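return atomic coordinates for the entry below.
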Amino acid sequence: MSTTTLHRGLGLQRTLRLLCWPAALWIAYELLWYEQFKLTGNEGSVYLFTILSDWLGTPGGEKPFRLFVALIEIVAAVLVLIPRSQALGGLLTVGIMSGAIFFHTVSPLGIDPYGDGGVLFKEACFTFLMGLLIAWVRRDELLALARRIAGRLRPAAA
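Below is the predicted model of the structure:
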């Protein structure tokens with residue numbers, strides 16, 4: 001590998017790592033913006049989570065479901081803003097947004113529950129991509145974390 005090729009590769013990696021920060025800021029903004037609706041029991045948020053809890057066969061489970069999602073989103077928003085945990089925050093965001101996309105596409109909620117052109121669904125898709133970008137660019141950190149966890153789960157030698 002020539003030094004020019006190596007330099008280009010390092011430049012690309014540096015650029016991608018720098019792009020993780022606007023992606024992280026978007027994720028934190030997006031997740032924390034919607035927390036005000038989930039945590040205060042806003043009518044629209046209650047409506048969406050009621051549809052989902054009824055569809056899942058847990059009528060009356062709207063509030064715990066809504067508050068659980070809010071808590072997990074707050075955790076992801078914080079993790080994605082801390083350099084050492086940004087990769088984990090990105091991965092958690094991918095998981096959360098996968099759930100949102102799944103429920104919008106297969107449940108009675110639908111892509112456009114508010115009749116606004118599917119703003120929530122589009123934001124979920126974009127936020128999913130931003131989380132994926134962070135997780136992919138910082139995948140070495142995720143693999144190192146997985147190795148540490150796997151090492152702790154192995155039984156001690158006798």
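
where does the chain dip in pLDDT?
For the chain, applying pLDDT under 70 flags the ranges 1-9, 156-158.

tell me where the longest helix sits in it.
The longest helix of the chain (DSSP state H) is helix 3-40.

identify each buried residue in that helix, please.
Neighbour counts over helix 3-40 (16 or more other Cβ atoms under 10 Å) mark 20, 23-24, 26-28, 30-31, 34-35, 37-38 as buried. Placement of C-beta: from N, CA and C, glycine included.

report the distance from it to the chain centre.
Computed by Cα atoms, centre = their mean, to the nearest Å, the chain-centroid distance of helix 3-40 equals 12 Å.

any idea which helix or strand comes after that helix?
Scanning forward in sequence from helix 3-40 by DSSP states H and E, the next helix or strand is helix 43-55.

so which bits of that following helix are buried?
Using 16+ other Cβ under 10 Å as the test for burial, helix 43-55 gives 45-46, 48-53.

would you mind giving these as TSV with distance to H104 added?
Formatted as TSV, the buried residues of helix 43-55 follow (distance: Cβ to Cβ, whole Å):
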residue	distance to H104
S45	14
V46	17
L48	10
F49	13
T50	15
I51	11
L52	10
S53	15
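
looking at these, which is nearest G110?
The nearest member of the buried residues of helix 43-55 to G110, counting by Cβ to Cβ, is I51 at 9.0 Å.

what residue is smack in the middle of the protein?
Centre of the chain computed as the mean C-alpha position; nearest residue by Cα atoms, centre = their mean is T93, 1.0 Å away.

excluding its backbone neighbours, what's nearest E141?
The shortest distance from E141 to any non-neighbouring residue, by Cβ to Cβ, 6 or more residues apart in numbering, is to A87 (4.1 Å).

ugh, typo on my part, it should be L142
The nearest residue in space to L142 (Cβ to Cβ, 6+ apart) is A87, at 4.9 Å.

count of neighbours near the one you found?
If you count neighbours by other Cβ atoms under 10 Å, A87 ends up with 24.

cool, the one 10 residues further on as well?
Residue crowding around M97 was assessed by other Cβ under 10 Å; the count is 25.
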